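Engineer: Quick one: sequence and predicted model below, then my questions.
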Amino acid sequence: MNLYFYNTMSRQRELFEPLSTDAVRLYTCGPTVYNYAHIGNFRAYVFEDILRRVLQYAGHKVIQVMNLTDVDDKTIRGAQEAGLPLCEYTRPYIEAFFDDIRQLNVEKAEHYPAATDHIPEMITLIGRLFERGLAYASDDGSIYFNVAAFPGYGRPAHIDLSGLRAGARVAQDEYDKERIGDFALWKAWDADDGDVVWDSPWGRGRPGWHLECSAMSMKYLGESFDIHTGGIDNLFPHHANETAQSEGATGKPFVKTWLHCAHLRINGEKMSKSLGNFYTLRDLIGKGWSGREIRYVLINGHYRQTLNFTFDALAAARTTLARLDEFSDRLAVAAGSNAAGGLPEWAVKARTAFDEAVGDDLNIPEALAALFGLVREGNAALDAGSLPPAGAAAVAALLARWDTVLGVLSFGRPDPDAMPAEVRELLEARAAARKAREWGESDRLRDAIAVLGWEVRDTPGGQQCKRA
RNA sequence: GGCGCGAUGGCCGAGUGGCUAGGCAGAGGUCUGCAAAACCUCGUACAGCGGUUCAAUUCCGCUUCGCGCCUCCA
């Protein structure tokens, strides 16, 4: 199947063609581990997960790298304030990050390189930039990238240097560089860095932020690779600088396709600590929402569109997922132990719609519409008794295949609770009452079971009972 | 100032120059002893004003409102 992506570089939807036939090489900007990640961060990671899964769905092997930024202003400041060595300060946040993405059913990448483990690679890269006349040292011993010496600076952000002007943030920059656009490759040690310092041929210091992504992506994926992703806010300056550093050093194209996801709003407002809507994953889970429900809300919008994350949407997700679970259960019962046969006509149509949707720049909302079309047709066929066991098995298999992309169908389903003996006895009594057509007693027992938190349903096959 | 994005029915959220997106909520119905589930039907949604067009929510312009980036924020 064909995949089309909106490439930020060209600002167009393009047919995706891997650079190499063996695998798609993917670099996804990861977390800065100075704190727990928030729900907006997870939107990006879930988007990247969907990308990875769609690539695999289309038959590609994927080699994904996600960096862990464990040295920068924020991690250093946090470690200082906590009175801990940098690595001890960041370790719990790295562990929390992996816990969190597991809760969201985000597939693991092949590599999670940490910046602090790749200082030598970064130093080598700076050396290459010096050789090509793209780096210079300032008086304080910091090394900067010379933007003026790199033609075409600004890609993929479409930034024209002449359009940059000194804003408030630039004025605050305390570093000694020649031009506004120049950015640090290596920062000379100062007292605020404490013991966070490495030796380099240009003196003691630490790497600039952008450098890690260039060094680590090239180490694990090669000097040119297929796809690079991140939040839209990373487009400039981060991705422009990465591109300049990498292409400046190698003379080769760095990334073929850039994908950027939009931000998240919460209840229509931008997320901020002062508004009190700055949620981490553990905040939401603490409020009783599951990772599965949160994932559903995050994938139910197109990645390039600002997503309004609301508690109403979470509640809707809960109901929707229950309906999907119900359908899966019905299919499983109908299929029994039969092998999958041919797909019914309506399922073939849904499959085509689903494949087109995910291939069309990861249009998951459209793919979900195909899913619900299948659910409706499938339920109708089940009601009518027109879906043979082999057909039910085939539809169930199709759902399982779709779930390799969505990751919400089988993941995190509530475990069926063990039925207490009390409920079991009431159910048996109710079955007897029903057999005797004692409806009043039957209804009374149903209410009694409901009080215990269980819901009874009468079906042609007898009573069904589950946690309400 | 530069670059860019958005405004869709109660809520979330796709998309399209004319043909039902979808989900949740709500109303009516079928089925059922009743209920639940499921299915069927139902909403004069496309910010405002102009323009192009046989036809615009969809294209163009303007306006209003909101958002992002412009040196270390997904």
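Structural biologist: Nice, thanks for sending it over. Numbering: from 1, shown residues only, chains lettered A, B, ... in the order given.
Engineer: quick one: residue A:65 is in a strand?
Structural biologist: Yes: the assignment for residue A:65 is a strand, going by DSSP: H, G, I helix; E, B strand; the rest coil.
Engineer: Mind pulling up the pLDDT for it?
Structural biologist: The score at residue A:65 is 97. That number is its pLDDT.
Engineer: try residue A:158
Structural biologist: 81.
Engineer: same deal with the one 4 residues further on?
Structural biologist: On the pLDDT scale, residue A:162 is placed at 60.
Engineer: Show me the strands in the stretch 101-250 of chain A, by range?
Structural biologist: Along the stretch 101-250 of chain A, counting by DSSP state E, counting those that start in this stretch, strands occupy A:135-137, A:143-145, A:153-156, A:183-188, A:205-207, A:225-231.
Engineer: and the fifth one, what does it pack onto?
Structural biologist: Spelled out, it's strand A:205-207. Applying 3 or more CB pairs under 8 Å, 6 or more residues apart in numbering; DSSP states H and E, one finds that strand A:205-207 contacts strand A:183-188. Where C-beta positions appear, they are placed from N, C-alpha and C, glycine not excepted.
Engineer: So which elements touch the strand it packs on?
Structural biologist: Counting by 3+ CB pairs under 8 Å, 6+ apart, strand A:183-188 packs on helix A:119-131, strand A:143-145, strand A:205-207, helix A:209-221.
Engineer: how distant is it from the center of its chain?
Structural biologist: Distance, stretch centre to chain centre, for strand A:183-188: 30 Å (CA atoms, centre = their mean, to the nearest Å).
Engineer: So in that sheet, which strands flank that strand, and in what orientation?
Structural biologist: According to DSSP bridges, strand A:183-188 forms sheet pairs with strand A:143-145 (antiparallel), strand A:205-207 (antiparallel).
Engineer: Next, the angle helix A:209-221 makes with it.
Structural biologist: Angular relation of strand A:183-188 and helix A:209-221 on a 0 to 180 degree scale: 100 degrees, by axes from the mean of the first three to the mean of the last three CA atoms, to 10 degrees.
Engineer: Show me which residues of the stretch 351-468 of chain A are close to RNA strand B?
Structural biologist: A:363, A:365-366, A:368-369, A:372-373, A:375-376, A:379-380, A:382-383, A:434, A:439-440, A:442-443, A:455-459 (CB under 7 Å from any atom of the strand).
Engineer: Please indicate which of these are buried?
Structural biologist: A:363, A:366, A:368, A:373, A:375, A:379, A:382, A:434, A:442, A:456 (16 or more other CB atoms under 10 Å).
Engineer: How about the contacts made by the fourth one?
Structural biologist: Think residue A:373. Neighbour list for residue A:373: A:346, A:349, A:350, A:353 [criterion: CB atoms under 8 Å, 6 or more residues apart in numbering].
Engineer: next one: residue A:61
Structural biologist: By CB under 8 Å, 6+ apart, residue A:61 lies in contact with A:22, A:23, A:24.
Engineer: any idea whether residue A:382 is helix, strand or coil?
Structural biologist: helix.
Engineer: Which pLDDT value goes with the residue nearest to it when sequence neighbours are not counted?
Structural biologist: Here the nearest residue to residue A:382 in space, its sequence neighbours aside, is residue A:330; by CB to CB, 6 or more residues apart in numbering that works out to 5.5 Å. Per-residue confidence (pLDDT) for residue A:330: 94.
Engineer: so residue A:244 touches residue A:148, yeah?
Structural biologist: No: look at residue A:244 against residue A:148 with CB atoms under 8 Å: they stay out of range, at 11.0 Å.
Engineer: Which of those two has more residues huddled nearby?
Structural biologist: residue A:244 (27 against 13; other CB atoms under 10 Å).
Engineer: how close does that one sit to RNA strand B?
Structural biologist: Relative to RNA strand B, residue A:244 is positioned 10 Å away (CB to the nearest atom of the strand, to the nearest Å).
Engineer: what sits against that residue?
Structural biologist: Residue A:244 touches A:134, A:145, A:147, A:150, A:153, counting by CB under 8 Å, 6+ apart.
Engineer: how close does it get to residue A:212?
Structural biologist: As judged by CB to CB, to the nearest Å, residue A:244 and residue A:212 stand 15 Å apart.
Engineer: now the contacts of residue A:373 as a markdown table including secondary structure and pLDDT?
Structural biologist: Formatted as a markdown table, the contacts of residue A:373 follow (DSSP: H, G, I helix; E, B strand; the rest coil; pLDDT from 0 to 100):
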| residue | secondary structure | pLDDT |
| --- | --- | --- |
| A:346 | helix | 95 |
| A:349 | helix | 95 |
| A:350 | helix | 96 |
| A:353 | helix | 96 |
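Engineer: Could I get the buried residue list for stretch A:100-110?
Structural biologist: A:100, A:101, A:103, A:104, A:105, A:106, A:107, A:109, A:110.
Engineer: These: which two are farthest apart?
Structural biologist: Spatially, the most separated pair among those is A:103 and A:110, at 20.7 Å (CB to CB).
Engineer: Okay, now the unreliable bits of chain A?
Structural biologist: A:161-178 (pLDDT under 70).
Engineer: Quickly list the domain ranges of it.
Structural biologist: The record assigns chain A these domain ranges, following automatic domain parsing: A:4-261, A:269-406, A:421-467.
Engineer: Same list (the contacts of residue A:244) but as TSV, adding neighbour count and distance to residue A:229.
Structural biologist: Output for the contacts of residue A:244, formatted as TSV (neighbours: other CB atoms under 10 Å; distance: CB to CB, whole Å):
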residue	neighbour count	distance to residue A:229
A:134	22	25
A:145	26	23
A:147	23	24
A:150	19	23
A:153	22	21
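Engineer: Relative to RNA strand B, which of those is nearest.
Structural biologist: residue A:147 (6.4 Å; CB to the nearest atom of the strand).
Engineer: what about the closest residue to the closest one other than its chain neighbours, distance to residue A:364?
Structural biologist: Counting by CB to CB, 6+ apart, residue A:181 is the residue found nearest to residue A:147 once chain neighbours are left out, at 4.1 Å. From residue A:181 across to residue A:364, the span is 37 Å (CB to CB).
Engineer: next one: residue A:273
Structural biologist: For residue A:273 relative to residue A:364 (CB to CB), the value is 30 Å.
Engineer: Give me the more crowded residue out of those two.
Structural biologist: residue A:364 (22 against 8).
Engineer: Would you agree the more buried one is in contact with residue A:370?
Structural biologist: No: counting by CB under 8 Å, residue A:370 is not a contact partner of residue A:364; they are 10.3 Å apart.
Engineer: Could you pull out the residues contacting both of these two?
Structural biologist: With CB under 8 Å, 6+ apart, residue A:364 and residue A:370 have common neighbours residue A:357.
Engineer: Now for chain A: which helix has the highest residue count?
Structural biologist: Among the segments of chain A that qualify as a helix by DSSP state H, the longest is helix A:311-335.
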